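Asker: pasting a predicted model and its sequence here:
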Amino acid sequence: MASSKKGKTAKKGAKNGKVAFNSDLLPVDLFCQLAYMSSLATSHLPRNLLFDYSARMPYTSSRYFKDVNFMAKQLNYDYSEACRKVGERTKETEPKALLLRMSGALSSGETEADFLQREAFVLGEKYGEDYERRVESLKRWTDTYVALILSAALIVVISVVSMLIFPQSPTMIALLTWVMLISTGLGAWVMYRASPKETKTHNLANTSRLQSLAQSLFKLVALPACAVILCIAVLMKLELGLSAILLSLAMGPVGFLAYWNDKQIDKLDNEIASFTRSLGGIAKAIGSTITEALGRMDQDAMGALKPGVRNLVSTLAFGINPEFCWRKFVEDTGSEQVNRTIRIFWDGIAVGGDPGKVGGLSSMFALKVSLLREKRNMVATSFSYICLTMHAILVLLLVGIYNILLNFSTAIASAAPKGQEGMDAIASLPTFAFFAGGGAQLQVLNLMVTAMVLMLTAVDAMAIKVVEGGSNLKILYYLGLTLMLTGLCLTLVPGVVERMFSTLKF
């Protein structure tokens, strides 16, 4: 009975038995896989079933155990020898060392439970150290990114001063513009590479209501609305500021739902470790089933998990298959960490594992990941505030500089003597050559500022998203904020500058 349930769980997780290999996710997947195998091993499961169940998991690291299982079953290798063969041909350092150590432990007669529990703890410590190093590196790169966008704004100011002193060629201005755009985009890409890689939302068929609503609105409302706004902006030649505001209003609600769902997942992830640890302890202490132990838990002490646990208790009380009940509980959370933690816990219980040990192992995995994410959130929160503030200031500065020069050009033209000779006399002055030539230099500056503003709008939103992590739809939230700030600056600043110049006498 337990084996049948376990088989269903394993097949449910893998899609057609194929999982794309992702080296960035290998550390956390390997840590989760060993915690999972340790949970199963507490039931003293036969070695062939232990590897068979582990090979079916939808993790990047499962490929190694699948190869071991294939060699043992199809080629009649001993499991210790199969581990050695697979380990020797593995290129990745950590899985290679693990498989070779496993080969030695299995051949020496050490029990799988002791070996896997020890290795799970060691890999958890290594994963934590690597994650913390990445967070520290990410913190330094966020400071570097702020310096990069400030440097880009400084280049614009220097270009304006150079234009005022002596007219610059369009080639030089285009070169400076490309340098700014590439350096800003490169900063966001480097932060993406430096950030810890993890999956926060699960990819099961059903998910949380907020996540489902966000996905539906994105496909049915946000995408069509943005397409319509862009078409109208092109056909009716709407101002860039107004177009940015309309796009922000179109994608902002979907982004906010994804952002709010991400915050709810954080709360669930913080609670799941204590939930499985307490549930396993109660089941072991009273010597009952998990269903009975769940009914004795104090639901008021479960925090964000309370609604889901209440539904779980109700469905179990009706006699529904526990496998389906736990699956529904996981799907409603929308969290990949809850999915993995419950998989470690419930599958270990389903094959007859010790409730206390299984609860402790699942709790160890969940708590380690949750604490590491808290450290990342500290860096991400401060960076998001700084980045949005810097974005507003830089767009205000860039748009303000251009409009000041534009209004100053208009004022000079109105104050100059009538006729072409008067304008030629004004243009012959070195500083005022910038305003000659039918405003060609102003047009070049306008293109430069527009390109820089649009680049900052997109890259700043992407930078905040890669630092925070989470669902990809969250980028719509930050893109909506940067678009709104950009649109307000493009809409309001020209009027403010024009009123300021209207009070001056030339």
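Answerer: Perfect, I can see it now. Residues are numbered from 1 along each chain as shown.
Asker: can you give me the strands in this protein?
Answerer: Using DSSP state E, the chain contains no strands.
Asker: where does it have low pLDDT?
Answerer: Applying pLDDT under 70 to the chain picks out residues 1-20, 163-168, 412-439, 504-506.
Asker: which helix runs longest in it?
Answerer: Longest helix of the chain, by residue count under DSSP state H: helix 355-415.
Asker: output the contacting helices and strands for that one.
Answerer: On a contact count with 3 or more C-beta pairs under 8 Å, 6 or more residues apart in numbering; DSSP states H and E, helix 355-415 meets helix 26-41, helix 112-165, helix 240-286, helix 336-350, helix 440-468, helix 474-502. Any C-beta I mention is one placed from the backbone N, CA and C, and that applies to glycine too.
Asker: now the angle from that helix to helix 336-350?
Answerer: Interaxial angle of helix 355-415 relative to helix 336-350 (axes from the mean of the first three to the mean of the last three C-alpha atoms, to 10 degrees): 170 degrees.
Asker: any chance of the helices and strands packed on helix 355-415 in JSON lines, with distance to residue 226 and mean neighbour count too?
Answerer: Shown next, in JSON lines, are those (distance: least, C-beta to C-beta, whole Å; neighbours: other C-beta atoms under 10 Å):
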{"stretch": "helix 26-41", "distance to residue 226": "34", "mean neighbour count": "26"}
{"stretch": "helix 112-165", "distance to residue 226": "25", "mean neighbour count": "17"}
{"stretch": "helix 240-286", "distance to residue 226": "5", "mean neighbour count": "20"}
{"stretch": "helix 336-350", "distance to residue 226": "28", "mean neighbour count": "26"}
{"stretch": "helix 440-468", "distance to residue 226": "14", "mean neighbour count": "21"}
{"stretch": "helix 474-502", "distance to residue 226": "10", "mean neighbour count": "19"}
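Asker: and those helices: which comes nearest residue 382?
Answerer: Residue 382 lies closest, by C-beta to C-beta, to one member of the helices and strands packed on helix 355-415: helix 112-165, at 8.2 Å.
Asker: what packs against that closest one?
Answerer: Applying 3+ C-beta pairs under 8 Å, 6+ apart, one finds that helix 112-165 contacts helix 26-41, helix 93-108, helix 170-194, helix 355-415, helix 440-468.
Asker: let's see it at 6 Å
Answerer: helix 26-41, helix 170-194, helix 355-415 (3 or more C-beta pairs under 6 Å, 6 or more residues apart in numbering; DSSP states H and E).
Asker: what about that helix, distance to the chain center?
Answerer: Relative to the chain's own centre, helix 112-165 is displaced by 14 Å; criterion: C-alpha atoms, centre = their mean, to the nearest Å.
Asker: measure how it sits relative to helix 26-41, angle-wise.
Answerer: Orientation check (the same axes, to 10 degrees): helix 112-165 against helix 26-41 gives 160 degrees.
Asker: make 789 the first number, not 1, from now on.
Answerer: With the count now opening at 789, the last piece we talked about shows up as helix 900-953.
Asker: quick one, helix 900-953 and helix 881-896 angle?
Answerer: Relative orientation of helix 900-953 versus helix 881-896 (the same axes, to 10 degrees): 170 degrees.
Asker: helix 900-953 vs helix 1228-1256, what angle?
Answerer: Here helix 900-953 runs at 170 degrees with respect to helix 1228-1256, directions being taken by the same axes, to 10 degrees.
Asker: relative to helix 958-982, how tilted is helix 900-953?
Answerer: Angle of helix 900-953 versus helix 958-982, following the same axes, to 10 degrees, is 160 degrees.
Asker: quick one on the thing from earlier: gap between the longest helix of the chain and the chain center?
Answerer: That offset, for helix 1143-1203, works out to 13 Å (C-alpha atoms, centre = their mean).
Asker: how is this structure carved up into domains?
Answerer: Taking automatic domain parsing as the reference, the chain has its domains at 810-898, 932-985+1013-1055+1164-1290.
Asker: do you know which of these lies nearest residue 1157?
Answerer: Counting by C-beta to C-beta, residue 1157 lies closest to domain 810-898 out of the domains of the chain; the figure is 7.2 Å.
Asker: what about the closest one, start to end distance?
Answerer: Terminal residues of domain 810-898 lie 31 Å apart, using C-alpha to C-alpha, to the nearest Å.
Asker: and if you look at stretch 1021-1032?
Answerer: Per C-alpha to C-alpha, stretch 1021-1032 runs 10 Å from first to last residue.
Asker: run the chain-centre distance for that stretch.
Answerer: 31 Å.
Asker: list the contacts of it.
Answerer: Stretch 1021-1032 is contacted from outside by 1271, 1274, 1275, 1278, 1279, using C-beta atoms under 6 Å, 6 or more residues apart in numbering.
Asker: let's see it at 8 Å
Answerer: Contacts to stretch 1021-1032, defined as C-beta atoms under 8 Å, 6 or more residues apart in numbering, come from residues 1017-1018, 1020, 1034, 1238, 1245, 1271-1272, 1274-1279.
Asker: mind putting those residues into JSON lines with distance to residue 861?
Answerer: Formatted as JSON lines, the contacts of stretch 1021-1032 follow (distance: C-beta to C-beta, whole Å):
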{"residue": "1017", "distance to residue 861": "58"}
{"residue": "1018", "distance to residue 861": "56"}
{"residue": "1020", "distance to residue 861": "62"}
{"residue": "1034", "distance to residue 861": "60"}
{"residue": "1238", "distance to residue 861": "63"}
{"residue": "1245", "distance to residue 861": "56"}
{"residue": "1271", "distance to residue 861": "56"}
{"residue": "1272", "distance to residue 861": "59"}
{"residue": "1274", "distance to residue 861": "60"}
{"residue": "1275", "distance to residue 861": "62"}
{"residue": "1276", "distance to residue 861": "65"}
{"residue": "1277", "distance to residue 861": "65"}
{"residue": "1278", "distance to residue 861": "65"}
{"residue": "1279", "distance to residue 861": "68"}
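Asker: which two of those have the greatest separation?
Answerer: The farthest-apart pair in the contacts of stretch 1021-1032, when distances are taken by C-beta to C-beta, is 1020 and 1277, at 21.4 Å.
Asker: nearest to residue 1101, of the domains of the chain?
Answerer: domain 932-985+1013-1055+1164-1290 (19.7 Å).
Asker: now residue 867. Nearest residue, chain neighbours left out?
Answerer: Spatial nearest neighbour of residue 867, chain neighbours left out: residue 860 (5.1 Å); criterion: C-beta to C-beta, 6 or more residues apart in numbering.
Asker: hang on, I meant residue 968
Answerer: residue 940 is the one closest to residue 968 (C-beta to C-beta, 6+ apart), at 4.2 Å.
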